[in-house]
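**Student:** quick one, structure for this:
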Amino acid sequence: MDSASLRRLQKILKFSVENASASTKEAKNDRSLDELEDKKWLSDAMSAYMGPSDVEVMKSCLKIIAIPNVDDETIENALEVLEEKIEDIDNAKDFVKIGGIPVAFQMLDGTLCWRAAQLLALLVQNNPFCQEAVLAGGGLEKLLKLGKRFHCGDMALLKIVYALSSLTRNCNKALRRFIEQGGIDFLVDVFRKGNEKLTTKVIFMMKNMCIDDVSIKDLLLGRGFVEELVRFLVRLEGNGLREVILTMLICLVEENDSCKRICAREDLGLKDYLLKCEEELKGNEDYEDVRELAKNLRKICFK
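**Tutor:** Below you'll find the predicted structure:
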């Protein structure tokens, strides 16, 4: 049976079940055993054609992952299915309820740790219920501990930052714990690796943290990160990271005079760099946004 036919059959069966329900209510005391059996048969038939529920699929995936000595390809396929399912916020909550978090935690120590970190990132994204569950299970500490080792590779590190970013976003409890556990130093260390993708992810997380809690700006300032970011920018060649860094610097200097004073230091050469950037990109439609960012930062820092 092709997919179009299957969809039509599902609609017909659903319509039949719904109308069987309505007829049963209207009949009140005149409901016969045959009618109830017909309704059950239609419901069972519909379930059979529609396949297993998302919860059943997720349970099956977790069982596959738990099988001893199962190959990585099979586990990866199961994780891909789980990632697809938990994009739905209700499925994500069900994943927690059926015991999925301990399985994901266990996988952080395996060869597919990047997949496990990505799964956790998707699970907690914009989902307070799942954020709280992962936090309560010690997920933040596990992710930080793994990330601080740096031996897991850039791909895993990228997903770990992604997971931490999702876990702390709009969650003050997680953000406080992240800071207490040395998270700021961890992000600065990852930034210093010089990997473009990692730098982008770290800056994105830092910016969101500063938006959620303006006191983060002073923590970054105290670690010399504002000065370091300016020096990084003025040495930057090409436009790959320029927009990301400019956006972060604007975020830091807004309503923070201390950060502004650092950026305005003559020895850092930021003013000359911004003027040069504006001139180079003048008339270039592809980088008009970058030019506007440079212009805005210059106006804030060098009135």
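
**Student:** now the helices for the stretch 101-250 of the chain?
**Tutor:** Secondary structure of the stretch 101-250 of the chain (DSSP state H, counting those that start in this stretch): helices located at 113-124, 128-136, 139-149, 154-168, 172-180, 183-191, 196-212, 215-222, 225-235, 242-253.

**Student:** just send those helices back as TSV, with mean neighbour count, distance to Lys97 and mean pLDDT too.
**Tutor:** Bear in mind the C-beta positions are built from the backbone N, C-alpha and C, glycine included. TSV is the format used below for the helices of the stretch 101-250 of the chain (neighbours: other Cβ atoms under 10 Å; distance: least, Cβ to Cβ, whole Å; pLDDT from 0 to 100):
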stretch	mean neighbour count	distance to Lys97	mean pLDDT
helix 113-124	24	12	96
helix 128-136	18	9	98
helix 139-149	19	16	94
helix 154-168	23	19	96
helix 172-180	16	20	96
helix 183-191	20	28	95
helix 196-212	19	28	95
helix 215-222	16	33	95
helix 225-235	18	40	96
helix 242-253	21	37	96
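
**Student:** nearest residue to Val134 in space, please, no chain neighbours.
**Tutor:** In this structure, Val134 finds its nearest non-sequential neighbour in Val124, 5.4 Å apart by Cβ to Cβ, 6 or more residues apart in numbering.

**Student:** residues in contact with that neighbour?
**Tutor:** By Cβ atoms under 8 Å, 6 or more residues apart in numbering, Val124 lies in contact with Cys130, Gln131, Val134, Ala163, Ser166, Leu167.

**Student:** pick the one among these closest to Ile203.
**Tutor:** Ile203 lies nearest to Ser166 out of these, by Cβ to Cβ, at 15.6 Å.

**Student:** distance of that closest one from Arg176?
**Tutor:** Separation of Ser166 from Arg176 (Cβ to Cβ, to the nearest Å): 16 Å.

**Student:** can you tell me which of the helices of the stretch 101-250 of the chain is nearest to Lys93?
**Tutor:** Of all these, it is helix 128-136 that lies closest to Lys93, at 5.3 Å by Cβ to Cβ.

**Student:** who does the closest one touch, helix- and strand-wise?
**Tutor:** helix 89-97, helix 113-124, helix 154-168, helix 172-180 (3 or more Cβ pairs under 8 Å, 6 or more residues apart in numbering; DSSP states H and E).

**Student:** could you check the angle that helix makes with helix 139-149?
**Tutor:** Relative orientation of helix 128-136 and helix 139-149, computed by axes from the mean of the first three to the mean of the last three Cα atoms, to 10 degrees: 60 degrees.

**Student:** please name the nearest non-neighbouring residue to Asn208.
**Tutor:** Leaving aside its sequence neighbours, Asn208 sits nearest to Arg169 (Cβ to Cβ, 6+ apart; 5.7 Å).

**Student:** residues near that neighbour, how many?
**Tutor:** Applying other Cβ atoms under 10 Å, we find 18 residues neighbouring Arg169.

**Student:** so it touches Ile211, yeah?
**Tutor:** No - at 9.5 Å, Arg169 does not count as touching Ile211 under the criterion of Cβ atoms under 8 Å.

**Student:** for Ile203, give me its contacts.
**Tutor:** Shown in contact with Ile203 (Cβ under 8 Å, 6+ apart): Phe191, Val244, Ile245, Thr247, Met248.

**Student:** er, Phe191 actually
**Tutor:** By Cβ under 8 Å, 6+ apart, Phe191 lies in contact with Leu198, Thr199, Val202, Ile203, Phe225.

**Student:** 7 Å - rerun?
**Tutor:** Phe191 sits next to Thr199, Val202 when contact means Cβ atoms under 7 Å, 6 or more residues apart in numbering.

**Student:** what distance do you get for it to Gly224?
**Tutor:** For Phe191 relative to Gly224 (Cβ to Cβ), the value is 12 Å.

**Student:** which neighbours do these two share?
**Tutor:** With Cβ under 7 Å, 6+ apart, Phe191 and Gly224 have no common neighbours.

**Student:** circling back: distance to Ile86 for the contacts of Val124 - can I get that in a markdown table?
**Tutor:** Rendered in a markdown table, the data for the contacts of Val124 read as follows (distance: Cβ to Cβ, whole Å):
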| residue | distance to Ile86 |
| --- | --- |
| Cys130 | 8 |
| Gln131 | 13 |
| Val134 | 12 |
| Ala163 | 13 |
| Ser166 | 12 |
| Leu167 | 14 |
